[in-house]
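Asker: predicted model and sequence below, questions to follow.
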Amino acid sequence: IIKDYKAEVKHIKNWIISYFCDNATSDPKAIIGISGGKDSTIVAYLCAAALGPERVVGIKMPNGEQYDIACADKVINELGIENYQINIKNIVDTITNELEVPFDELSNSVTYNIPPRVRMTVLYAAAAALGGRVANTSNYSERYIGWSTKWGDGVGDFAPLADYTVEEVLEIGKVLGVPNELLYKIPEDGLTGTSDEQAIGVE
């Protein structure tokens, strides 16, 4: 049980600093897929606080049109971090179309997991191009129920929120001063057109 969240935030920041000191010979950047959801937002705030905003890069990866991309822009503007936008729709469509040739009808488990894997490919390409380490933004609650894509959003070089439940992540966000509209935004994957709660079946 966490009793002092200010101390916990300090602990996470020190852990991030230590990770970057131990796993690089230069000053690599933290590469974060910015969706505007609470987890990627809080990871961005943590990395900016630990490393400085000049060493944080936000990558926006809409799959076609993303109606709430303004939330990602708000995070980027609030922190003043370097950012790029790479639309993954053409890549996803190409892979899907090629798979439909031999496999005919593709199940949801196939089509829903393609975009997260494409996004991770983009993040690692950005890390290689810019000199960085990819942040995994998943929290403990997601990992516990298996709410992630293998080799997609389930991977990364470092994972600041991996040991924290959703409730704990929210408290961490409050300490960091994350705006409430981002902290309490209904979580979505931006891919299926439903909220996480609807997709999981826990509404």
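Answerer: Looks like it arrived, so ask away.
Asker: for the chain, give me the ranges with low pLDDT.
Answerer: 187-203 (pLDDT under 70).
Asker: strands of that one, start to end?
Answerer: Ranges of strands in the chain, per DSSP state E, are 29-33, 56-60, 82-85, 132-134.
Asker: what segments of the chain are helices?
Answerer: 5-22, 38-51, 69-79, 89-103, 108-111, 114-130, 140-145, 166-176, 180-183, 196-200 (DSSP state H).
Asker: and stretch 61-80, which residues are buried?
Answerer: By neighbour count with 16 or more other Cβ atoms under 10 Å, stretch 61-80 contains the buried residues 61-63, 66, 69, 71-76, 78-79. Any C-beta I mention is one placed from the backbone N, CA and C, and that applies to glycine too.
Asker: quickly note the distance from G58 to E167.
Answerer: 25 Å (Cβ to Cβ, to the nearest Å).
Asker: ignore what I typed, I meant V178.
Answerer: On the measure of Cβ to Cβ, V178 and E167 end up 15 Å apart.
Asker: of the two, which one has the most company?
Answerer: More crowded of V178 and E167, by other Cβ atoms under 10 Å: V178, with 20 against 11.
Asker: hang on, the more buried one packs against L46?
Answerer: No: contact criterion Cβ atoms under 8 Å: V178 and L46 do not qualify, at 10.0 Å.
Asker: what residues sit buried inside stretch 121-136?
Answerer: Those would be 122-124, 126-127, 132-136, for stretch 121-136 by 16+ other Cβ under 10 Å.
Asker: just the closest of the residues you listed to Y112, please.
Answerer: V122 (17.3 Å; Cβ to Cβ).
Asker: isn't the closest one right next to Q85, touching?
Answerer: No: V122 is not in contact with Q85 according to Cβ under 8 Å; the separation is 10.6 Å.
Asker: between those two, which contacts overlap?
Answerer: Shared contacts of V122 and Q85 (Cβ atoms under 8 Å, 6 or more residues apart in numbering): 59, 61.
Asker: most distant residue from the middle of the protein?
Answerer: The centre of the chain is farthest from one residue, P102, which by Cα atoms, centre = their mean lies 32.3 Å away.
Asker: tell me how far the residue lying closest to G131 once chain neighbours are set aside lies from I34.
Answerer: Leaving aside its sequence neighbours, G131 sits nearest to P28 (Cβ to Cβ, 6 or more residues apart in numbering; 5.2 Å). For P28, the distance to I34 (Cβ to Cβ) stands at 18 Å.
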